[in-house]
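Asker: The sequence isn't on hand, but the structure is:
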């Protein structure tokens with residue numbers, strides 16, 4: 001698969017599967033850490049993640065966080081608090097700590113639609129997306 005060409009449904013499903021599995025893993029890891037547990041119990045958000053490629057392709061995955069439960073599914077919420085858009089590579093680099101989400105926002109590599117209306121949720125989610133260094 002080249003990121004310059006259009007993705008077929010199989011490729012889109014692979015991207016969605018990898019991304020949802022990554023988010024699920026990150027949230028499970030954070031919930032297992034006592035220092036994150038209380039904040040995650042109080043965190044409530046409805047977020048659309050738009051994954052874009054070098055072409056005009058995009059796929060959506062949404063997150064619903066409420067009462068310490070984090071649901072990640074393919075698709076797009078009509079009533080999200082905000083939407084984040086970036087390539088899978090940018091999301092991955094943010095999660096492993098090799099890219100800073102705030103810098104990515106200011107450089108335009110990560111875009112937040114309606115994020116500044118919900119800045120507290122956006123900033124907390126940014127912290128949640130970063131894997132802990134062991």
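Answerer: Right, received. Where do you want to start? Everything numeric here is computed off the predicted structure, so don't read it as measured data.

Asker: now for the top helix by length along the chain, which elements pack on it?
Answerer: What stands out as the longest helix in the chain, according to DSSP state H, is helix 9-32. Secondary-structure packing of helix 9-32 (3 or more C-beta pairs under 8 Å, 6 or more residues apart in numbering; DSSP states H and E): helix 34-42, strand 45-52, strand 58-66, strand 69-74, helix 88-95, helix 119-128. C-betas here are computed from N, CA, C, even on glycine.

Asker: where are the low-confidence patches of the protein?
Answerer: 1-6, 54-55, 115, 133-134 (pLDDT under 70).

Asker: what residue lies at the spatial centre of it?
Answerer: Closest to where the C-alpha atoms of the chain average out (C-alpha atoms, centre = their mean) is residue 49, at 5.3 Å.

Asker: wait, which of the helices and strands packed on helix 9-32 is closest to residue 20?
Answerer: Proximity to residue 20, assessed across the helices and strands packed on helix 9-32 by C-beta to C-beta, is greatest for strand 69-74 (4.8 Å).

Asker: which ones are touching residue 75?
Answerer: 60, 61, 62 (C-beta atoms under 8 Å, 6 or more residues apart in numbering).

Asker: Which residue is the nearest non-sequential neighbour of the residue nearest to the centre of the chain?
Answerer: residue 61 (4.7 Å; C-beta to C-beta, 6 or more residues apart in numbering).

Asker: Go ahead and confirm the one you found touches residue 23.
Answerer: Yes: if you go by C-beta atoms under 8 Å, residue 61 and residue 23 touch, sitting 7.3 Å apart.

Asker: For those two, list the residues in contact with both.
Answerer: Shared contacts of residue 61 and residue 23, counting by C-beta under 8 Å, 6+ apart, come down to 49, 72.
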